[in-house]
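**Student:** return a 3D structure for these sequence lines:
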Amino acid sequence: VALGWHARLAAFLLAGFSLLSGLIFHADFGDQMQMIMFWKNLGLAGGFLMIVLHGAGPWSVDNRRAAAGA
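**Tutor:** Coordinates of the predicted model:
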């Protein structure tokens with residue numbers, strides 16, 4: 001994701017992992033720390049879904065390869 005190589009696919013998979021791990025490991029909503037960690041995972045998933053929606057950006061490896069015609 002950081003380099004932008006297959007960023008949309010990687011971000012989609014990481015968003016699913018973040019949601020799944022938040023639901024499995026931080027589902028004790030009575031504990032304040034677990035609730036904070038769940039919201040952290042939810043926020044990360046949202047950020048990854050923004051990458052899925054908008055792509056990695058103009059300096060990404062995928063964008064440079066597309067501009068080069070490869």
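
**Student:** burial measure for residue 15, as a count.
**Tutor:** Neighbourhood size, residue 15 [other Cβ atoms under 10 Å]: 20. For glycine as for every other residue, the C-beta is placed from the backbone atoms N, C-alpha and C.

**Student:** my guess is it contacts residue 53, does it?
**Tutor:** No: applying Cβ atoms under 8 Å as the test, residue 15 and residue 53 come out as separate, 10.7 Å apart.

**Student:** helix or strand with the lowest mean pLDDT in the chain?
**Tutor:** Every helix and strand of the chain was ranked by mean pLDDT, DSSP states H and E. The lowest is helix 61-68, at a mean of 88.

**Student:** which parts of that one are buried?
**Tutor:** Residues of helix 61-68 classed as buried: residue 62 (neighbour count, 16 or more other Cβ atoms under 10 Å).

**Student:** what's in contact with it?
**Tutor:** Helix 61-68 has contacts (Cβ atoms under 8 Å, 6 or more residues apart in numbering) with 3, 4, 5, 6, 7, 55, 56, 57.

**Student:** at 7 Å instead, please
**Tutor:** For helix 61-68, the surrounding residues in contact (Cβ atoms under 7 Å, 6 or more residues apart in numbering) are 3, 4, 5, 6, 7, 56, 57.

**Student:** repeat for stretch 20-31
**Tutor:** 34, 35, 37, 38, 41, 42.

**Student:** quick one, what contacts residue 18?
**Tutor:** So residue 18 contacts 41, 44, 45, 48 (Cβ under 7 Å, 6+ apart).

**Student:** can you tell me the closest non-neighbouring residue to it?
**Tutor:** Sequence neighbours aside, residue 45 is the residue nearest to residue 18 in space, at 4.1 Å (criterion: Cβ to Cβ, 6 or more residues apart in numbering).

**Student:** and the gap between that neighbour and residue 15?
**Tutor:** From residue 45 across to residue 15, the span is 4 Å (Cβ to Cβ, to the nearest Å).

**Student:** tell me the contacts of the residue nearest in space to the middle of the chain?
**Tutor:** Centre of the chain computed as the mean C-alpha position; nearest residue by Cα atoms, centre = their mean is residue 48, 2.4 Å away. Residue 48 is in contact with 11, 14, 15, 18, counting by Cβ under 7 Å, 6+ apart.
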